[in-house]
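Undergrad: output the structure for:
(chains A, B, C and D)
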4 protein chains.
Amino acid sequence: MKLGLIGLGKMGFSLAQNLLRGGHETVLYDVNPEPAKQLAEEGGQPAETIAQLAASLAKPRIVWIMVPAGEIVDKVLDELLPALEEGDIVIDGGNSHYKQSVARGARLGERGIRFLDSGTSGGVEGANQGGCFMVGGSKAAFETVEPIFRSIATENGYLYAGESGSGHYLKMIHNGIEYGMMQSIAEGFELLSKSEYGFDFEDVARVWANGSVIRGWLMELTERAFSKDPKLEGIRGIMKSSGEGKWTVETALELEASTPVIALSLLMRYRSLENDTFHGKVVAALRNEFGGHAVVRSE
Amino acid sequence: MKLGLIGLGKMGFSLAQNLLRGGHETVLYDVNPEPAKQLAEEGGQPAETIAQLAASLAKPRIVWIMVPAGEIVDKVLDELLPALEEGDIVIDGGNSHYKQSVARGARLGERGIRFLDSGTSGGVEGANQGGCFMVGGSKAAFETVEPIFRSIATENGYLYAGESGSGHYLKMIHNGIEYGMMQSIAEGFELLSKSEYGFDFEDVARVWANGSVIRGWLMELTERAFSKDPKLEGIRGIMKSSGEGKWTVETALELEASTPVIALSLLMRYRSLENDTFHGKVVAALRNEFGGHAVVRSE
Amino acid sequence: MKLGLIGLGKMGFSLAQNLLRGGHETVLYDVNPEPAKQLAEEGGQPAETIAQLAASLAKPRIVWIMVPAGEIVDKVLDELLPALEEGDIVIDGGNSHYKQSVARGARLGERGIRFLDSGTSGGVEGANQGGCFMVGGSKAAFETVEPIFRSIATENGYLYAGESGSGHYLKMIHNGIEYGMMQSIAEGFELLSKSEYGFDFEDVARVWANGSVIRGWLMELTERAFSKDPKLEGIRGIMKSSGEGKWTVETALELEASTPVIALSLLMRYRSLENDTFHGKVVAALRNEFGGHAVVRSE
Amino acid sequence: MKLGLIGLGKMGFSLAQNLLRGGHETVLYDVNPEPAKQLAEEGGQPAETIAQLAASLAKPRIVWIMVPAGEIVDKVLDELLPALEEGDIVIDGGNSHYKQSVARGARLGERGIRFLDSGTSGGVEGANQGGCFMVGGSKAAFETVEPIFRSIATENGYLYAGESGSGHYLKMIHNGIEYGMMQSIAEGFELLSKSEYGFDFEDVARVWANGSVIRGWLMELTERAFSKDPKLEGIRGIMKSSGEGKWTVETALELEASTPVIALSLLMRYRSLENDTFHGKVVAALRNEFGGHAVVRSE
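TA: Numbers count the residues shown, from 1 in each chain, chains lettered A, B, ... in the order given. Down below sits the predicted model:
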């Protein structure tokens, strides 16, 4: 099919290669013109502006947006909408909050433009080689663009999830699960690193990635990480996060759902951002007050 | 190779089929004679007693024990040891506590018998079709029996892990990770079930099992479970446990390691065993005392 | 001093008694006229409408609002504001979200009316006998009404906390701590109830309330609760919540602060609202899938 | 009454002063002779050896042991027992594990010596000014020594808890609750420290210590700690622990009781002992593997 792709960062670039390999005519735009030029060598059609991108598409136009979640999506839409017409289809493949996707779907719907929120998983590799896509919004619009999803997804790797927002809702929850699974694996290796057995972590990750109950891509990536740095000595244990885990916990609070493991996985990430904690100081001070237990003084 | 296999429950039976399919001469014993008879049709050699099993093996004898963890292992060893000689090899493939395996290794070592503790993962299917094995104990003994592991494991699915106990240590930690991963997945689906979107859980599990970051065997099993009972209406949410998760948390306490997600996964299992909780009563009573908040009366 | 009091529920009624006992001329209003009539016997002056209440006060008018948090506060303000003038002081003594208090302070400030957000703690008893008050907003306004706080608070039991919203912020965090402390106490008694020692819980609560490190009002209330129902057999362990704990956790997420104990205290409350859980079903189903472990069937 | 007191560290010394003030004839022993000499000025009778201490008591001898938990208790008992006779009473007032107290009670019981396990709470101040005592063991023995407990405890501050071990069981659980309450308070102040309001922590602790729901000794100690160091800048947030919290969680595992808040309070203490974590490295490495997210490099 013919489509426009806005946003050629790590994920967008990989997706473009996937689309081009799949034979789709892909018009490309990014604020930085370099990646589009580079992709031109693989058959992509660079556009110099979003308007130009839209102009080069036939009706119903299909535009895939792959930019960082938040205000940037709205800025792209502001620029894009004047160039679109009733019946056109916009896909947000980024990590937008599902409530924003519902709002955007409504906004575009007022003008007869159909909006699909597509959660994308599988990392940079998946975007490039065959990922996982969870799509919410107009079912008819989905069916129009389904050949794109069939082509870029791995087998059984795409799903029409339901109403507007459902795709990004699934992606949000997926990431919440991911936080929990990663923390689980990480805690396991912490218990290996503290044991007296001198385990080879790469070997352990490899055997667990093959035939075990806990095999899966994350364990394969664990093996890969240890193959590069056997004790991860070059990495500090600072666990950043980009929002979906927090949204998942916020959603749990809204739904009054008890999700301790996902919540703790997030809170341990926050904990890891600090060298020292105020709560630790308070506990240490209290132990000193009632029991005379020595505190460790700051330098 | 030729070996004896003691214990033909779900796991042992499946392993026997795996061994027989792999061409190993397998002498079989279980307190219940039925499974051995059944396996005779696949080429297994039933033994009527443990002594008979041992007697039918050539030196160095190889005996794989696949019985429930705990005292039963010691009872089997009590019966088996008089029939063994220096140089023989005993493999405990069950879910024994690694400290018990260290003790058993020492006990057998005093008589020159070599003991291997083999953590086995992959479930009943893995035992049958190619599982994951983590082996601790004498390296020389391991090398002697390596053809067996190569044959019954999936590719890259076995590891000589190190000193006595290290195999079962790895299995214990593996299960701790498993608890955390299962709870993570389960909490995610809880957030789907409580959302207003009418998700088809089987569809969601399928798409997450294909191409996503969280793909893996547990997600495939999630898909399978939902394919049988789309909303799990036939199942109560009672999460039993068989010990390794508890051992993992006990080990974390011993090592003073912070493993909140594995710990909480275990504690939520305990919580699920109760219809009502005493801690809940206390909190409800306190809210009533200070704020006059109504309690829910017992019937 | 002379002031108006709007809202005569459990907390407002108790506060009115406290104010009247302290010699303050208190004009009283509630949608239900009964409590004001009742308080008239203790010297209160009932008003039939909010307008009448405002009309009976001298400038600068002082009005204390003690109604359930949320929209009701705004409705009261809608009705009250037309009757107020520049320089008047409105105190919200309820459990409002601090961000709403900031907004209300700004709204009233536009008309020159000064708004104080007063977190109130100490339960119904405290409101009546001497509670704890944390006050945010205009310092000058606070100084004007300080005699009221001095009179209704226990010794050292009131604080001018700072800018608008700071009083309700402190109350929110206070409640988060309260959730954690209550859950801590409750878990302790759970471990008593499950032990083989046949503890008398009232006796234990009493000894812990006297001389121990964990003595305090919550332990005294625990003793009182057990004195009424020695094993809390009449109470179900359903732990409801009224919002501040959730706000505390939401605030923790906003601030990226790791507060596992407060978060878990909240999540256990949500857990207690359910007889069965979907996450439990998923874990049980998975255990069945990989290990053949029996599930408990629904009836 | 007349009694011997073995162990004159912080707690033992304070208790001795309490006993002497209460008019009890107290024979004192510590490996370090200094504190006994010092206490002689307050009326104590120093003994040079444990044997001498025992010899100076009349039958039934009463000996209070106040030494660090663990092997030291057994060493003291080894030295003490030869000097005791049937009917004598030994009180272990330290933080011994209740199972050890059960064993010691049985050991002494074989010789007809009665053993009481007394959990002591209230910190150094409580030991000195009137603490909280939970006593397990022979009821008759307890009644014999009850005047001592009545004298050293605050009003309502002692309890005969039941069979051997029950006193130390209560103390263990008390400390588990204490961990949870301290962590709750500490998390609350963390949320104050991260807020934009410039709270004065001492002021906040003071107002919360007076009239609030969460008032109690720990909040008073919080106020005291902030009065000495307003932002705790001199203290590092390293939260050590001395065992009872760990025992509480171990007990929870044994009883299959869900105690998430106490467990997390302990695990956060362990977390605070580390500058960096291996689990953090693993999560950071995984995020890099699948999403190309930058890691923070070690220096």
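Undergrad: avg pLDDT for the strand or helix carrying residue A:117?
TA: According to DSSP states H and E, residue A:117 maps onto strand A:114-121. Average pLDDT, strand A:114-121: 97.
Undergrad: so is that strand next to chain D?
TA: No. Applying CB under 8 Å from any CB of the partner chain, one finds strand A:114-121 out of contact with chain D, separated by at least 9.2 Å. Using the backbone N, CA and C atoms, a C-beta is placed for each residue, glycine as well.
Undergrad: how about the residues of the stretch 1-150 of chain A near chain B?
TA: Residues of the stretch 1-150 of chain A lying near chain B (CB under 8 Å from any CB): A:121, A:122, A:123, A:126, A:130, A:131, A:132, A:133, A:134, A:136.
Undergrad: quick one: the third one and chain D, what's the gap?
TA: In this view, residue A:123 and chain D are 4 Å apart by CB to the nearest CB, to the nearest Å.
Undergrad: repeat that for the fourth one.
TA: Distance from residue A:126 to chain D, counting by CB to the nearest CB: 8 Å.
Undergrad: ok, now which ones touch that residue?
TA: Taking CB atoms under 8 Å, 6 or more residues apart in numbering or on different chains, we find residue A:126 in contact with A:120, A:132, A:154, B:211, B:212, B:213.
Undergrad: just say helix, strand or coil for it.
TA: Assigned with DSSP: H, G, I helix; E, B strand; the rest coil, residue A:126 falls in the helix class.
Undergrad: confidence score at it?
TA: Residue A:126 is given a pLDDT of 93.
Undergrad: for it, give its distance to residue A:248.
TA: Using CB to CB, to the nearest Å, we find residue A:126 at a distance of 20 Å from residue A:248.
Undergrad: ok, now the third one?
TA: From residue A:123 across to residue A:248, the span is 18 Å (CB to CB).
Undergrad: which one's more surrounded, those two?
TA: More crowded of residue A:123 and residue A:248, by other CB atoms under 10 Å in any protein chain shown: residue A:248, with 28 against 25.
Undergrad: residues contacting the more buried one?
TA: Contacts of residue A:248 by CB under 8 Å, 6+ apart are A:172, A:173, A:175, A:176, A:179, A:259, A:262, A:266, B:191.
Undergrad: which of those lies closest to chain D?
TA: residue A:179 (8.6 Å; CB to the nearest CB).
Undergrad: the closest one: neighbour count?
TA: 27.
Undergrad: what residues are up against it?
TA: Taking CB under 8 Å, 6+ apart, one finds A:241, A:245, A:248, A:262, A:265, A:266, A:269, B:184 in contact with residue A:179.
Undergrad: coming back round to it: turn the contacts of residue A:248 into TSV, including distance to residue C:140.
TA: Shown next, in TSV, are the contacts of residue A:248 (distance: CB to CB, whole Å):
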residue	distance to residue C:140
A:172	46
A:173	50
A:175	49
A:176	47
A:179	48
A:259	46
A:262	46
A:266	42
B:191	48
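Undergrad: which ones among the residues you listed are found in helices?
TA: A:172, A:173, A:175, A:176, A:179, A:262, A:266, B:191 (DSSP state H).
Undergrad: which among those residues end up buried?
TA: With burial judged by 16 or more other CB atoms under 10 Å in any protein chain shown, the buried subset of the ones in helices among the contacts of residue A:248 is A:172, A:173, A:175, A:176, A:179, A:262, A:266, B:191.
Undergrad: in this structure the third one contacts residue A:249, no?
TA: Read it as residue A:175. No. Under the criterion of CB atoms under 8 Å, residue A:175 makes no contact with residue A:249, lying 11.0 Å away.
Undergrad: nearest residue to residue A:3 in space, ignoring adjacent ones along the chain?
TA: Leaving aside its sequence neighbours, residue A:3 sits nearest to residue A:62 (CB to CB, 6 or more residues apart in numbering or on different chains; 4.0 Å).
Undergrad: the one you found pairs with what?
TA: residue A:89 (DSSP bridges).
Undergrad: list the contacts of it.
TA: Neighbours of residue A:62 in contact, by CB under 8 Å, 6+ apart: A:1, A:2, A:3, A:4, A:88, A:89, A:91, A:144, A:145, A:148.
Undergrad: what's the local residue count around the residue of the stretch 101-250 of chain A found nearest chain D?
TA: Residue nearest to chain D within the stretch 101-250 of chain A: residue A:237 (2.2 Å; CB to the nearest CB). Close neighbours of residue A:237, defined as other CB under 10 Å, add up to 23.
Undergrad: repeat that for the one 4 residues further on.
TA: When counting by other CB under 10 Å, one arrives at 19 neighbours for residue A:241.
Undergrad: residue A:158: which element?
TA: Going by DSSP H and E, residue A:158 is part of strand A:153-162.
Undergrad: which of the residues in that strand are buried?
TA: Those would be A:153, A:154, A:157, A:158, A:159, A:160, A:161, A:162, for strand A:153-162 by 16+ other CB under 10 Å.
Undergrad: what sits up against that strand?
TA: So strand A:153-162 is contacted by A:122, A:126, A:129-136, A:139, A:142, A:146, A:149-150, A:167, A:169-170, B:197-199, B:203-204, B:206-207, B:209-212 (CB under 8 Å, 6+ apart).
Undergrad: and that strand, which strands flank it?
TA: Under the rule (DSSP bridges), strand A:153-162 has strand A:131-137 (parallel) as partners.
Undergrad: what's the angle from the strand it pairs with to strand A:114-121?
TA: 150 degrees (axes from the mean of the first three to the mean of the last three CA atoms, to 10 degrees).
Undergrad: how about the CA coordinates for strand A:131-137, as CSV?
TA: The C-alpha trace of strand A:131-137 is given here as CSV (Å, rounded to 0.1, in the frame of the first residue of the first chain):
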residue,chain,number,x,y,z
GLY,A,131,6.8,-6.7,15.6
CYS,A,132,3.6,-6.9,17.6
PHE,A,133,0.8,-4.4,17.0
MET,A,134,-2.3,-3.8,19.0
VAL,A,135,-4.8,-1.5,17.2
GLY,A,136,-7.8,0.4,18.4
GLY,A,137,-10.2,2.6,16.6
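Undergrad: and that strand, what's its mean pLDDT?
TA: 98.
Undergrad: ok, now stretch A:181-195?
TA: Over the span of stretch A:181-195, the pLDDT mean works out to 98.
Undergrad: dump the C-alpha coordinates for it into PDB.
TA: Extracted in PDB, the C-alpha atoms of stretch A:181-195 (Å, rounded to 0.1, in the frame of the first residue of the first chain):
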ATOM      1  CA  MET A 181       8.900  -9.400  34.300                       C
ATOM      2  CA  MET A 182      12.100  -7.500  34.000                       C
ATOM      3  CA  GLN A 183      12.200  -6.800  37.700                       C
ATOM      4  CA  SER A 184      11.500 -10.500  38.300                       C
ATOM      5  CA  ILE A 185      14.400 -11.600  36.100                       C
ATOM      6  CA  ALA A 186      16.700  -8.900  37.600                       C
ATOM      7  CA  GLU A 187      15.900 -10.000  41.200                       C
ATOM      8  CA  GLY A 188      16.700 -13.600  40.300                       C
ATOM      9  CA  PHE A 189      20.100 -12.600  39.000                       C
ATOM     10  CA  GLU A 190      20.700 -10.500  42.100                       C
ATOM     11  CA  LEU A 191      20.200 -13.700  44.100                       C
ATOM     12  CA  LEU A 192      22.700 -15.400  41.900                       C
ATOM     13  CA  SER A 193      25.200 -12.600  42.200                       C
ATOM     14  CA  LYS A 194      24.900 -12.700  46.000                       C
ATOM     15  CA  SER A 195      25.200 -16.500  46.300                       C
END
